[in-house]
Structure formats: C-alpha cells, structure tokens
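S.K.: Have a look at this prediction, sequence included:
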Amino acid sequence: MSFVTRGFSGRKREADPRLPPGQTLVQDWPVLSAGPTPRVDTDDWEFTIRDETGADHRWSWDELLALGVEDVTVDIHCVTHWSKLDMGWRGVSLDKVFENVESEHEYVMAHSYGGYTTNVPLEDLLDGRAWIATEAEGEPLDPEHGGPARLLVPHLYFWKSAKWVRGLTMMPDNDPGFWEQYGYHLYGDPWKEERYW
Amino acid sequence: MSAQDVAPLRRSRPRAAWHTGTVVETRRETPSAARIVLDVPTWPGSDAGSHLDVRLTAPDGYQASRSYSVATASPGGQVVLAVDELPDGEVSPFLVHDLRPGDQVELHGPLGAFFVWRPGESTRPVQLVAGGSGVVPLYAMAAAHGAAADATPFRLLYSARTPDDVFFADELAALAGPDLALDLVYTRGAPAGWPDPVGRLTREALAARTLPAEQRPRVYVCGSTGFVETVAVWLQELGHAAADIHTERFGGL
C-alpha cells in the first residue's frame, strides 16, 4: 500500500547492502530497555544453563572467560529501525558454552538480571552465530548496554540479544519471552522485517 | 498458570496494522516541536503510552520509518502526535516543517503494550516522570485518566527547559487539580515569580515531588537516556522496586 509522501525526498540514502529493509544507519548507540538498568558486579555475576532434567550448568565470570574469548565484527539491527555496521565485539561463543550441555530441546529462553526474557531457537545460538558478549568497541559493556554481559545474536533483531544475561533455560516449545508477549515477533529476522505479529 | 494469570497480556487489544493517516492540522507545539493531528479512519484505538511507526516514501521508492509516541487517539478517529525536531534528523525535520494539511503518511500501529496505562486495570497510584518531549506518552496517560474519570491518584513530574518548551501546556494546566498533581521543573528559565530553583532535577526535588515508595506507585519514566538513567537510579534509591519502574528512553549514550 506504500505511496509517495508529498515533499519527502529523504536525506540519508544509505545504499549499503548490509542494511536490512526499513533500517537507518546510526553512529551513536541508542539505549532501549523496559525498566531501570540492573548493575551487576562481575564478582557476583553467574551464568547458568538449565537443561530439561532440571540440572544447572554454571559458570562464574572467570570460568566463562576461561572458555575462550574471541573478537567478532558484526552488524546489529534494532527493531526500532536503527542499525550499526561493523561493530567490534568481544565475547565467548555459545558453541563453547554448549560443548558440555546435552539437551534434546530445540528452544531456549534467555533470562536476564532484572527479569527480562527472550526466546531463541537453539540452532540460532550455535555454529558461530551467537556470543555472550562482554566488550563492545574495545570497552567493557556499559550497564546501559547490558554489561557486564549480554547475549549477542546479531542475525536477529537486537531485542533477542538479551542485556544483563544470566542464563538460558532449555525449552521444548518456542514460548514467547518478554517483548514477544507484548506483540513482537517470535523469531525476528531483520531481513524479513519480522517486527511484530 | 491459570487463564486469569495471563489475562493482562492476552487481553484483547488492537493488533498492529498499516493505516493511512491524512494530516488535518499541524501547528507549533514548542520552539522545536510540532503537533500533528491525523485523520486515521481505520485506527483501532490504542492504549495510553503506546506508539506507532511513521513511514515516509520518496518518489524513487526510498523509505524512512521512525517511532513516535501517540499523544491522543480514538478508535476510527484522530491520532495526535507531537514531534520534536532532532538536529540533523531525516524524518523529524520533514514532519515538523514540511507536512501540510491534506498530506498522507503511512502509519503502523498501535505498538507497545508494556509502557501503557489502562483505566480501571489497577488502583495503584501512578507517578509519571517526564523529561522534555518524553512527556508525550505520559500526557496520553494523564489525559486518558482524566477522560475516564478514573479514581487512581496520578502525579506528573515534568522537567522542561522553559515554559515555552512545555508540551501540551494548556491541556496539562486543564488536567491539573485533584485528579492530577502537576509538578514542573524548569531547567533553563522559569516564569516570573516561580518559587523553585531553576536547574536540573535533583534527587531531593524528585523525592519531594513524587509519590513516596511506601504508596507503591507504578512509575513511568520517559525522556532522554541520560534523564531516564538518572531518575531510575534515584527512584530505586528512594525505595521503589525495579519492577514498579517502567521506562522509555530516546537517544544514545
């Protein structure tokens, strides 16, 4: 149903093929979250994966980093129409985290300090496609951006990259997380503009 | 989990869809912002505090979309936005300066079912804290509260640069009274004889001019990232539970 808006020519004109439809390139880094920013010290931080048996696999901050950090350069895309390209991140691949976790379940609910949740298919976290990020652009993650650690799932809209991540729970079904219950898409592929349901 | 537990989420609410809005009126709201009144016959109504996406299309097919809070809306009727011009923006300068009555834009919404207030849903008091144009969704809540003659205590603390920068000044003045305690903080310039100091909101002023934590208010904070971060930290220090503090931010760090 699109129609031309009288008088609108657009000024920014990003022709970058890495920009999904409906996205605008930003230089700053907008902050979006539903409540106050949790402030979690790395000494108190812990990451847990709960499998279908109810067993918890736990990592302290140092144990997580000991799995091996890697540098990645990725583009990120927020459902509110902004994107950043070529962002430098450092974090631990979820492949490393899942090396010793056995699960038949195909879905994951990410949980955050502060109570946020978001659902992701397990396969979207593996094969080098997702990280627990601890640094961005050469600096430890600010609390406003999810520090000390956030999920980084750059191929999905950024609300899936849960800030202040504290753990994952294996799920048999693709139950909706926080924003998903409030009308955001269950999967969230930026290239298909899967913003809302 | 019983059906009752999930009722607030599953409650029937308008599903987001594309709509065509026709500009009825556009006028200066503040020195940097415009109020835009749109006729949207297909608008299904929206909860106070929700937002929508405005999509503009250039003749060559180039599109730009931005999210704006809805100031007021009625089902099948008018949707009112108040758009602050961002320096170097692409969409807001067009909306503020170039949009004329009769122009049409595409709207997608209503969006956001979290940062909302619905009459009759809770009797817990409500504290609104606005910084600058962040007042728009909070004004929507105050207006909905007034229109519904809802008995919930409402209080709005609004930080604005100067009296000229107050959004919906006349409407807020009309709402202020027993149903809405209105506290204005001026950061740059106040009217003659203004009793309070001019300057940024302080923790002391926040404590003195908001509902105390003991009343367990639901708190909605909207403004720039810096404003919201500062206020949310103070609110927690003043005893408000994180889960009671709803935030909406604009801008980066």
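M.R.: On my side now, so go ahead.
S.K.: Going by C-alpha atoms from here, please, whenever you check contacts or count neighbours.
M.R.: Noted.
S.K.: Which parts of the chain are helices?
M.R.: You didn't say which chain, so I picked chain A. Using DSSP state H, the helices of chain A run over A:61-66, A:94-97, A:178-181.
S.K.: ah, no, chain B please
M.R.: B:3-10, B:92-93, B:135-147, B:169-175, B:203-208, B:225-237.
S.K.: need the residues of the stretch 101-250 of chain B near chain A, please.
M.R.: B:103-106, B:111-115, B:225, B:229, B:232-233, B:242-243, B:245-250 (C-alpha under 8 Å from any C-alpha of the partner chain).
S.K.: What's the separation between residue A:109 and residue A:92?
M.R.: 18 Å (C-alpha to C-alpha, to the nearest Å).
S.K.: for residue B:181, same thing?
M.R.: Noted for residue B:181: a distance of 50 Å to residue A:92, by C-alpha to C-alpha.
S.K.: Over to residue B:34?
M.R.: 46 Å.
S.K.: what do you get for residue A:39?
M.R.: Distance, residue A:39 to residue A:92, using C-alpha to C-alpha: 21 Å.
S.K.: Equivalent analysis for residue A:99, please.
M.R.: Residue A:99 is 12 Å from residue A:92, by C-alpha to C-alpha.
S.K.: who's more crowded, those two?
M.R.: Higher neighbour count among residue A:99 and residue A:92: residue A:92, with 24 against 8, using other C-alpha atoms under 10 Å in any protein chain shown.
S.K.: Does the more buried one touch residue A:63 like I think?
M.R.: No. Look at residue A:92 against residue A:63 with C-alpha atoms under 8 Å: they stay out of range, at 10.8 Å.
S.K.: what's the burial count for the residue in chain A that chain B sits nearest to?
M.R.: Residue of chain A nearest chain B, by C-alpha to the nearest C-alpha: residue A:30 (3.5 Å). Applying other C-alpha under 10 Å, we find 19 residues neighbouring residue A:30.
S.K.: Just the pLDDT for residue A:136.
M.R.: Per-residue confidence (pLDDT) for residue A:136: 97.
S.K.: Contact partners for it?
M.R.: When contacts are counted by C-alpha atoms under 8 Å, 6 or more residues apart in numbering or on different chains, residue A:136 touches A:87-90.
S.K.: The longest strand seen in chain A near chain B at all?
M.R.: If you go by DSSP state E, chain A has its longest strand at strand A:82-93. No. Strand A:82-93 lies out of reach of chain B by C-alpha under 8 Å from any C-alpha, never closer than 9.2 Å.
S.K.: thinking again about what came up before, might one say that the residue of chain A closest to chain B is in contact with residue B:250?
M.R.: Yes. Counting by C-alpha under 8 Å, residue A:30 does reach residue B:250; the two are 7.1 Å apart.
S.K.: Tell me who's in contact with residue A:135.
M.R.: With C-alpha under 8 Å, 6+ apart, residue A:135 has these contacts: A:89-91, A:141, A:149.
S.K.: I would like a PyMOL command selecting only the buried ones among these, please.
M.R.: Remark: buried members of those, expressed as a PyMOL selection using 16 or more other C-alpha atoms under 10 Å in any protein chain shown:
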select buried, chain A and resi 89+90+91+141+149
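S.K.: Below-threshold pLDDT in chain A: ranges please.
M.R.: Scanning chain A for pLDDT under 70 picks out A:1, A:12-14.
S.K.: How much space separates the spatially most central residue of it from residue A:32?
M.R.: What sits nearest the mean C-alpha location of chain A, by C-alpha atoms, centre = their mean, is residue A:161, with 1.0 Å. Distance, residue A:161 to residue A:32, by C-alpha to C-alpha: 12 Å.
S.K.: Tell me the buried residues in the longest strand seen in chain B?
M.R.: Criterion DSSP E: the longest strand present in chain B is strand B:17-30. Using 16+ other C-alpha under 10 Å as the test for burial, strand B:17-30 gives B:17-26, B:29-30.
S.K.: same check, this time on stretch A:31-43
M.R.: Residues of stretch A:31-43 classed as buried by neighbour count (16+ other C-alpha under 10 Å): A:31-40.
S.K.: okay if I get these as TSV plus distance to residue A:49?
M.R.: Converted to TSV, those look like this (distance: C-alpha to C-alpha, whole Å):
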residue	distance to residue A:49
A:31	27
A:32	26
A:33	23
A:34	24
A:35	24
A:36	25
A:37	23
A:38	20
A:39	21
A:40	19
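S.K.: Many thanks, have a good one.
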